[in-house]
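1. Curious how this folds, go ahead:
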Amino acid sequence: MTAECARWSARPWRRRCQSLECCRQRTGRRFAAGVPADARGRVRYEDLMRVLRGEMSEVRRQCIRAAFQKIDYNRNGALDKKDLQLFFNAAYHPKVQAGELTEAAALERLLVVKEADGQPRLPRAAWGELVGPLLQNLFQALKASKTENEYLMKAVMRVIASGQELAAPFVPHILPMLASILTQVAGNPRHPVFNHYLFESLSGLARVSPVASIEPTVFPIFTTILTSDTQEFMPYVFQIFAQLLEQHPQAPPQYLQLLPPLLAPALYEHKGNIPGLVRLVRVFLEKSPQQVVAGGHLQAVLGVFQFLVQSKLHDHEGFNLLNAIVQYFPREQLGETLGMLMNVLLSRLMANRTTKFVKCLLVFFSLFVVRFGADALVETVEKLQPGASLWKQVYANVWLRDVQKVSGKQPRKMCVVALTRLAVESQHMFSDAMFNDLWPQTVVAIVKMLELGEEQDAEGLEGFAQRQNVLSVEQLREQEQGYTNAYCPLQAAQRSETDPCAEIADERAFVAQTLPRAISGPHGPRCRAALQAMPPDVKSRLQPLVPSAF
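-> Below is the predicted model:
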């Protein structure tokens with residue numbers, strides 16, 4: 001083709017492209033004119049889609065009218081929530097039809113989905129009418145199911161957890177059905193995820209219903225599980241027993257009968273039992289310390305503590321027991337036991353020191369000071385090796401060195417309170433052997449705890465849950481072929497820890513109120529001189545707390 005021919009052949013295409021461009025411009029102007037915009041030039045999604053789709057065809061209009069009339073069950077000319085509930089069918093969910101989800105899983109996801117603002121798509125007001133029908137239909141599906149359907153049980157758990165107190169009226173109907181399912185699966189536990197959601201459902205009922213309506217049904221089944229040594233279910237039983245016992249003012253006789261078997265060493269040989277067992281024993285120590293002592297069970301509890309505290313994996317659980325003893329037992333009842341406990345702890349410290357153990361030890365020291373006084377801790381440690389200045393070594397090389405590693409708002413507050421009381425109330429701290437070396441360091445440690453965040457430890461926390469033998473639900477699913485004794489926390493059974501310093505709302509305000517007493521007391525001149533000798537950056541942080549010293 002010659003250049004002239006090419007030039008002439010391109011002209012029609014050029015003319016056609018120009019025509020298309022003009023068409024686009026005309027269409028754009030008509031489109032823009034048809035979409036209403038606000039003052040800032042923005043258009044609504046609904047208006048944009050109306051223009052894009054154009055007018056509805058008559059066939060489509062008739063289809064929509066027929067669907068509306070079918071759903072408008074009460075024929076009032078409007079679709080309300082009740083009309084939609086009657087025709088909701090998860091089987092038509094796109095992912096259900098594609099085989100990616102089961103109907104129960106689709107329903108469960110609907111119950112937990114949230115809007116962009118973080119609020120649940122199903123508002124709280126809607127649950128009053130939904131809980132009953134949902135539970136009725138789910139249990140009918142469970143009864144008809146030939147397998148242990150984890151998705152149906154998860155949906156039951158979700159309805160109970162989301163409905164909360166609205167599910168309470170249905171407890172007399174659904175608790176026997178859950179108990180019947182538990183009795184059946186306890187004979188041969190096969191599906192750990194299904195069983196987990198089953199216990200979550202029972203725990204959810206215990207959370208929303210009075211304990212008297214739950215215990216008569218579950219107590220015989222739980223005791224059978226314990227006596228038959230059904231290892232797979234025992235961690236769950238311990239958690240729910242603890243949850244139920246926490247609702248009593250003190251341990252009833254039927255619970256106290258369980259305590260001696262719960263302290264048997266053989267139970268603690270199974271790692272999955274330990275977290276739930278320790279929590280349950282702690283509730284006994286909290287609710288009925290007098291009965292524990294009167295029944296001669298304290299020595300057995302201390303035996304469990306000594307077993308756990310020697311383990312790098314479970315020493316924190318030993319401290320959980322020890323802290324409960326210190327928190328709920330009068331000092332007079334413990335007598336020489338405190339010295340024995342301190343000797344066990346310091347022996348472990350010297351033999352196998354880890355960051356986790358030291359952090360737990362410092363929280364225990366702080367609780368000891370809060371409960372029994374600053375000098376009580378000093379004297380208890382000093383009695384272990386009279387004349388060896390053991391307390392000075394432990395305080396300088398352990399407490400002051402590592403207290404910044406303590407984690408958690410409540411434990412850190414307790415450490416600040418304990419350090420402040422040591423700096424103000426301990427007569428041993430003002431002795432010539434300790435004051436010059438330890439008192440200024442104590443004040444610096446207080447300032448660091450208030451001003452700086454947690455100091456990261458070298459051990460790290462990655463994989464800590466695995467080291468505790470704590471599993472997630474997904475990890476349970478991986479155990480289908482080798483179902484064993486493992487601890488998977490029940491979310492409905494969780495509770496917040498009690499604060500031993502609950503009367504102190506703000507630790508900074510507590511320091512500001514308490515530390516000036518050291519300046520105004522008999523050791524005021526020495527304390528003022530020590531504060532004035534602090535580095536400038538420390539003094540700038542101290543001045544708002546102890547203005548009388550500067």
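
2. For residue 524, give me its contacts.
-> Counting by Cβ atoms under 8 Å, 6 or more residues apart in numbering, residue 524 touches residue 518. The way it works is simple: take the backbone N, C-alpha and C, and place the C-beta from them, glycine included.

3. Residue 414 and residue 372, how far apart?
-> 14 Å (Cβ to Cβ, to the nearest Å).

4. Between these two, which has more neighbouring residues?
-> Shown here are residue 414 and residue 372; by other Cβ atoms under 10 Å, residue 414 has more neighbours (24 against 17).

5. quick one: contacts of whichever strand or helix holds that one?
-> Secondary structure assignment for residue 414, by DSSP states H and E: helix 409-425. Contacts with helix 409-425, where a contact means Cβ under 8 Å, 6+ apart, come from 362-363, 365-370, 373-375, 403, 406, 429, 439, 442-443, 445-446, 449-450, 454, 497, 499-501, 504, 507, 510-511, 514-515, 517-518, 521.

6. secondary structure element for residue 538?
-> helix 536-542.

7. coming back round to it: from the contacts of helix 409-425, which ones fall inside helices?
-> Members of the contacts of helix 409-425 lying in helices (criterion: DSSP state H): 362-363, 365-370, 374-375, 439, 442-443, 445-446, 449-450, 507, 510-511, 514, 517-518.

8. buried subset of these?
-> Neighbour counting over the ones in helices among the contacts of helix 409-425 (16 or more other Cβ atoms under 10 Å) leaves 362-363, 365-370, 374-375, 439, 442-443, 445-446, 449, 507, 510-511, 514, 518 as the buried ones.

9. I'd like the average pLDDT over the helix holding residue 414.
-> The pLDDT scores in helix 409-425 average 95.

10. Off-centre distance for it?
-> 25 Å (Cα atoms, centre = their mean, to the nearest Å).

11. What residues does residue 399 make contact with?
-> With Cβ under 8 Å, 6+ apart, residue 399 has these contacts: 362, 365.

12. Now with 10 Å, please.
-> Residues in contact with residue 399, defined by Cβ atoms under 10 Å, 6 or more residues apart in numbering, are 358, 361-362, 365-366, 391, 415, 418-419, 422, 438, 441-442, 445.

13. Check residue 445 too.
-> Counted by Cβ under 10 Å, 6+ apart, residue 445 has contacts 399-401, 403-404, 415-416, 419, 422-423, 438.

14. Keeping just the C-alphas, turn stretch 172-188 into CSV.
-> What follows is stretch 172-188, C-alpha atoms only, in CSV (Å, rounded to 0.1, in the frame of the first residue of the first chain):
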residue,chain,number,x,y,z
PRO,A,172,-35.2,-24.8,81.3
HIS,A,173,-35.8,-26.0,77.7
ILE,A,174,-32.3,-26.1,76.2
LEU,A,175,-30.2,-27.1,79.2
PRO,A,176,-31.7,-30.7,79.4
MET,A,177,-31.0,-31.0,75.6
LEU,A,178,-27.4,-29.9,76.0
ALA,A,179,-27.0,-32.2,79.0
SER,A,180,-28.3,-35.1,76.9
ILE,A,181,-25.9,-34.4,74.1
LEU,A,182,-23.0,-34.2,76.7
THR,A,183,-24.0,-37.5,78.2
GLN,A,184,-23.9,-39.1,74.8
VAL,A,185,-20.6,-37.7,73.6
ALA,A,186,-18.8,-38.3,77.0
GLY,A,187,-18.9,-42.0,76.3
ASN,A,188,-16.7,-41.6,73.3
